[in-house]
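J.: What follows is a predicted protein model with its sequence.
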Amino acid sequence: MSSEESNSNRKMARQNGIVQPLLTDLYQITMAYAYWKSGKVNDVAVFDLFFRTNPFQGEFTIFAGLEECLKFLENFHYSDSDIQYLQQTLPENIEPEFFAYLKDLTCKDIRVSAIEEGSVVFPRVPLLRVEGPLIVAQLLETTLLTLVNFASLMATNAARYRMVAGKNVSLLEFGLRRAQGPDGGLSASKYAYIGGFDGTSNVLAGKMFNIPVRGTHAHSFVTSFSTLEDINSVIIRHAETQEPCNLLELAIEWRKRVSAIIDISPEEASDGELAALISYALAFPSGFLALVDTYDVKRSGLLNFCAVALALHDCGYRAVGIRIDSGDLAYLSVLARETFESIAEAFKLPWFSKLTIVASNDINEETILSLNEQGHKIDCFGIGTHLVTCQRQPALGCVYKLTEINGQPRIKLSQDVGKVTIPGHKEAYRLFGADGHALIDLLQRSSEPAPEVGQKVLCRHPFQESKRAYVIPSKVEHLYKVYWKDGRIHTMPKPLHEVRERVQSSLRTLRQDIKRNLNPTPYKVAVSDDLYNFIHDLWLQNAPIGELS
Ligand SMILES: Nc1ncnc2c1ncn2[C@@H]1O[C@H](COP(=O)(O)OP(=O)(O)OP(=O)(O)O)[C@@H](O)[C@H]1O
Ligand SMILES: O=P(O)(O)OC[C@H]1O[C@H](OP(=O)(O)OP(=O)(O)O)[C@H](O)[C@@H]1O
Ligand SMILES: O=C(O)c1cccnc1
Ligand SMILES: [Mg+2]
């Protein structure tokens, strides 16, 4: 079965129940009434959903949230209790027929075209084009924006972490406890995965979206043990022979032998910590990954971990690794790796040098860049707060603007040229250069013929007359597909893992200077000559002429 076929009958994950038509701003509904009263029920509109500036001082954004938008359109319907609430809440003079009209509203006459989820996208290029009855299209604004803004911001943030971490390091999302509430946490886990994280600690996200769930243990587990007497049972059966082994005795013996190699006295190490690690190893002999920074990584945690890992090895199991959650992560990870290597050498256990080192604690893009510069031996980062709250930039500014009504183009003027909207029903194309990289995104009027491979096309800056260039594309990608039409999903959005792959393949089409962390080069977004003239004619028609006195 091809991936297109398998997608067409795949079942999408359930949507968070709070996504519903009343999850909107009051003014959408009051406008709907005013449109209705002014006889605009049959008006047909085109809205563009786009952003004006890339987040995180970067020059690219990852588009995400499309699947959730489609689920919202599928279920768009005011329930009896919604109508009742609106009747109580809106002013008394609202005509009852309006509520009857709302009651029957669905998205059956709406058409949504969009860029593929997981694509790199740029300012001013519409991510979504919504066409259909003015009132319905207007009523969708806030919810579509809330579904796209955070999703795209998070996916972009995660993709940036993936870029600085490199492809050989695992990234785990640990943010639920610090996220902006339950939905912030759930969405963050979903879009972190799309952006390139490998797993999440969020169990519900794992269940709902089929994302790998991962985790270690907390300091409380270690601090809940005080002495070696706190261990319940010390016996574990050998993985192969099933012979009973005394893990405590073995660990104490190994602690002495390891302490001689790494020159740390067993007396300095915490017995409570050893008790905790043994207890954890007894519970998860094949998945033993221990937090080693509760007391002192060098003097206690590493020694205790190695002792338990070697004891487990006597019982036929291989430990997984350690997590370091404080201190100098570069220094401690190097120290840990050196320790593992010495033990591997001393006891002829090569696998010991490859144990996993997880680092966590307030990590952000800059920390990873700095750790890379210093040199570190971390295999996996666990990242929470900075990732899921998008601390460096907490919102993406997508907007939803009317560009056409009843076939007539509409323009929104502004003193700030960057805020002038690009009117009319448009198409977006990505033109690729001779080296295969994406060169420029080109917006055209939908009535124009598409640009063609090998044919020279004039690309103009939308607002600066002198900025223009000819491009001869080696490849042309039409960016829109119709995703919603005739009251149903027309193109099935890709499953999460394919969207995740799309992020990486789409990023690969960008030149390195556009992706670099410091002062990246802006990617060009242009309009056709025809669209340029169309914008500027309409601008002149709509700009009032002042009078000097
Ligand atoms: N080698 C390093 N280079 C740059 N930043 C680092 C390095 N090691 C750790 N960090 C970061 O420095 C910060 C250290 O946090 P903080 O000053 O609170 O100390 P801590 O180690 O958490 O202390 P505590 O022992 O009290 O938990 C974290 O944000 C961490 O990600
Ligand atoms: O990127 P971060 O937000 O640091 O995400 C992960 C953090 O969450 C956990 O502990 P928590 O912060 O709850 O407690 P602690 O730091 O006091 O151990 C974990 O030990 C990390 O420190
Ligand atoms: O599994 C972990 O280590 C974890 C999970 C959430 C937050 N901090 C750490
Ligand atoms: Mg912390």
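T.: Nice, I can see it. Residues are numbered from 1 along each chain as shown. Ligands and ions are numbered 1, 2, ... in the order given.
J.: now for the host helix or strand of Glu498, which elements pack on it?
T.: Counting by DSSP states H and E, the element that carries Glu498 is helix 496-508. If you count contacts as 3 or more C-beta pairs under 8 Å, 6 or more residues apart in numbering; DSSP states H and E, helix 496-508 packs onto strand 61-62, helix 141-165, helix 181-195. The way it works is simple: take the backbone N, C-alpha and C, and place the C-beta from them, glycine included.
J.: got the CA positions of the next helix or strand after that helix in CSV?
T.: Per DSSP H and E, the first helix or strand lying C-terminal to helix 496-508 is helix 512-515. C-alpha atoms of helix 512-515 as CSV (Å, rounded to 0.1, in the frame of the first residue of the first chain):
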residue,chain,number,x,y,z
GLN,A,512,23.0,26.9,5.5
ASP,A,513,23.3,30.7,5.9
ILE,A,514,19.5,31.0,6.2
LYS,A,515,19.5,28.4,9.0
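J.: what comes up buried for the helix or strand following helix 512-515?
T.: Heading C-terminal from helix 512-515, the first helix or strand you meet, by DSSP H and E, is strand 524-527. Across strand 524-527, burial judged by 16 or more other C-beta atoms under 10 Å covers Lys524, Val525, Ala526, Val527.
J.: So for the following helix or strand past strand 524-527, what gets flagged as buried?
T.: Next helix or strand after strand 524-527 toward the C-terminus (DSSP H and E): helix 529-542. For helix 529-542, the neighbour count (16+ other C-beta under 10 Å) marks Leu531, Tyr532, Phe534, Ile535, Leu538 as buried.
J.: There's contact between the second one and Ser466 in this structure, I believe.
T.: No - taking contact to mean C-beta atoms under 8 Å, the distance of 12.0 Å between Tyr532 and Ser466 leaves them out of contact.
J.: Show the contacting residues for the spatially most central residue of the chain.
T.: By C-alpha atoms, centre = their mean, the chain has its centre lying nearest to Ala155, at 2.2 Å. Counting by C-beta atoms under 8 Å, 6 or more residues apart in numbering, Ala155 touches Ile62, Phe63, Ala64, Gly118, Tyr191, Ala192, Ile194, Gly195, Val503.
J.: Excluding sequence neighbours, find me the nearest residue to the fifth one.
T.: Closest residue to Tyr191 apart from its sequence neighbours, by C-beta to C-beta, 6 or more residues apart in numbering: Met154 at 3.6 Å.
J.: returning to that earlier point: distance to ligand 1 and mean pLDDT added to the helices and strands packed on helix 496-508, as CSV?
T.: CSV is the format used below for the helices and strands packed on helix 496-508 (distance: least, C-beta to the nearest ligand atom, whole Å; pLDDT from 0 to 100):
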stretch, distance to ligand 1, mean pLDDT
strand 61-62, 24, 99
helix 141-165, 13, 98
helix 181-195, 18, 98
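J.: Please identify the deepest-packed of those.
T.: strand 61-62 (a mean of 27; mean count of other C-beta atoms under 10 Å).
J.: what's the next helix or strand after that strand packed up against?
T.: Downstream of strand 61-62, the first helix or strand assigned by DSSP H and E is helix 66-75. Secondary-structure packing of helix 66-75 (3+ C-beta pairs under 8 Å, 6+ apart): strand 111-114, helix 141-165, strand 481-485, strand 488-489.
J.: what angle separates helix 66-75 from strand 481-485?
T.: Using axes from the mean of the first three to the mean of the last three C-alpha atoms, to 10 degrees, one finds that helix 66-75 and strand 481-485 are set 20 degrees apart in direction.
J.: following helix 66-75, which helix or strand shows up next?
T.: Following helix 66-75 toward the C-terminus (DSSP H and E): helix 80-89.
J.: Name the residues that touch that following helix?
T.: Gln20, Pro21, Leu22, Ile29, Tyr78, Ile94, Phe99, Leu102, Lys103.
J.: Tell me the buried residues in it?
T.: In helix 80-89, counting by 16+ other C-beta under 10 Å, buried: Asp82, Leu86.
J.: Measure how whichever helix or strand comes after it sits relative to helix 80-89, angle-wise.
T.: Per DSSP H and E, the first helix or strand lying C-terminal to helix 80-89 is helix 96-103. Relative orientation of helix 96-103 versus helix 80-89 (the same axes, to 10 degrees): 150 degrees.
J.: roughly how far out does helix 96-103 sit from the chain middle?
T.: Helix 96-103 sits 39 Å away from the centroid of its parent chain (C-alpha atoms, centre = their mean, to the nearest Å).
J.: which other helices and strands contact it?
T.: helix 26-37, helix 80-89.
J.: Burial check on the residue of the chain found nearest ligand 2, number of neighbours?
T.: Proximity of the chain to ligand 2 (C-beta to the nearest ligand atom) peaks at Gly384, 2.4 Å away. Neighbour count of Gly384, defined by other C-beta atoms under 10 Å: 21.
J.: Likewise for Pro133?
T.: 20.
J.: again with Leu349
T.: Neighbour tally, Leu349, other C-beta under 10 Å: 15.
J.: my guess is it contacts Phe340, does it?
T.: No - Leu349 is beyond contact range of Phe340, at 9.5 Å (criterion: C-beta under 8 Å).
J.: May I have the predicted confidence score for Glu4?
T.: Note for Glu4: predicted pLDDT of 49.
J.: which SSE is Gln242 in?
T.: Using DSSP H and E, Gln242 sits within no helix or strand.
J.: Tell me the pLDDT of it.
T.: 97.
J.: again with Met1
T.: As predicted, Met1 sits at a pLDDT of 42.
J.: Stretch 475-487 spans what distance, first to last residue?
T.: End-to-end distance for stretch 475-487, by C-alpha to C-alpha, to the nearest Å: 33 Å.
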